[in-house]
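A.B. asks: Prediction below, plus the sequence it came from.
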Amino acid sequence: MKGCLKDNNGSFTIEAAIIIPFIVIVLTAVIFLSFFLYDKCSLERAAAMAALRGSQEVWEDNNIRYQKADEGIKAVLEANLLGTNCVERHVEVKGNQVCVLLKMQYKWWDFSAKAEKKAVNPITFIRNCRKAEGVIEKQK
């Protein structure tokens with residue numbers, strides 16, 4: 001009986017030698033993917049922030065709106081990227097439209113985020129809201 005038990009003692013070492021590398025690979029993959037998803041969310045947030053900041057400068061010229069959009073990108077991405085630092089920026093300002101395109105390369109994957117925002121004149125917006133309220137009151 002004792003001889004049979006001694007023969008089984010090495011099986012735990014062999015099982016651990018197979019299972020532990022598998023567990024390490026899975027944990028590394030989970031950490032890698034979480035970095036990618038975090039950077040992806042940061043890139044989308046930066047594009048949205050840049051488009052919003054550029055569109056808020058309603059009465060400014062296109063150069064100032066471009067600068068505000070670029071500042072919005074820098075504000076979000078300055079300390080938020082975990083896995084990559086290479087982000088291509090394309091900011092386009094045409095009339096009252098601000099379009100931001102950000103591209104990121106993360107190891108083998110490429111990802112891009114695009115955001116567009118139309119500048120809204122606050123005075124016109126308030127007037128249109130009041131007109132809508134008047135229409136609703138007349139229908140009652």
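C.D. replies: Cool, the structure landed. Residues are numbered from 1 along each chain as shown.

A.B. asks: Can you name the residues in contact with stretch 67-82?
C.D. replies: For stretch 67-82, contacts defined as CB atoms under 8 Å, 6 or more residues apart in numbering pick out 35, 38-39, 42-43, 45-47, 49-54, 56-57, 60, 87, 89, 91, 93, 98, 100, 102. Where C-beta positions appear, they are placed from N, C-alpha and C, glycine not excepted.

A.B. asks: so of those residues, which ones are in strands?
C.D. replies: 87, 89, 91, 93, 98, 100, 102 (DSSP state E).

A.B. asks: The fourth one contacts S55, doesn't it?
C.D. replies: Read it as V93. No - V93 lies out of contact with S55 (CB atoms under 8 Å); the separation is 9.2 Å.

A.B. asks: any shared contact partners between the two?
C.D. replies: R65.

A.B. asks: ok, the spatially most central residue of the chain - contacts?
C.D. replies: The centroid of the chain falls nearest to C41 when counting by CA atoms, centre = their mean (2.5 Å). Listed by CB under 8 Å, 6+ apart, C41 has no contact partners.

A.B. asks: do the same with V100
C.D. replies: 47, 50-51, 54, 69, 73, 89-92, 114-116.

A.B. asks: re the thing from before, just the buried ones among the contacts of stretch 67-82, please.
C.D. replies: 35, 39, 42-43, 45-47, 49-54, 56-57, 87, 89, 91, 93, 98, 100, 102 (16 or more other CB atoms under 10 Å).

A.B. asks: my guess is K117 is in a helix, correct?
C.D. replies: No - under DSSP: H, G, I helix; E, B strand; the rest coil, K117 falls outside any helix and is assigned strand.
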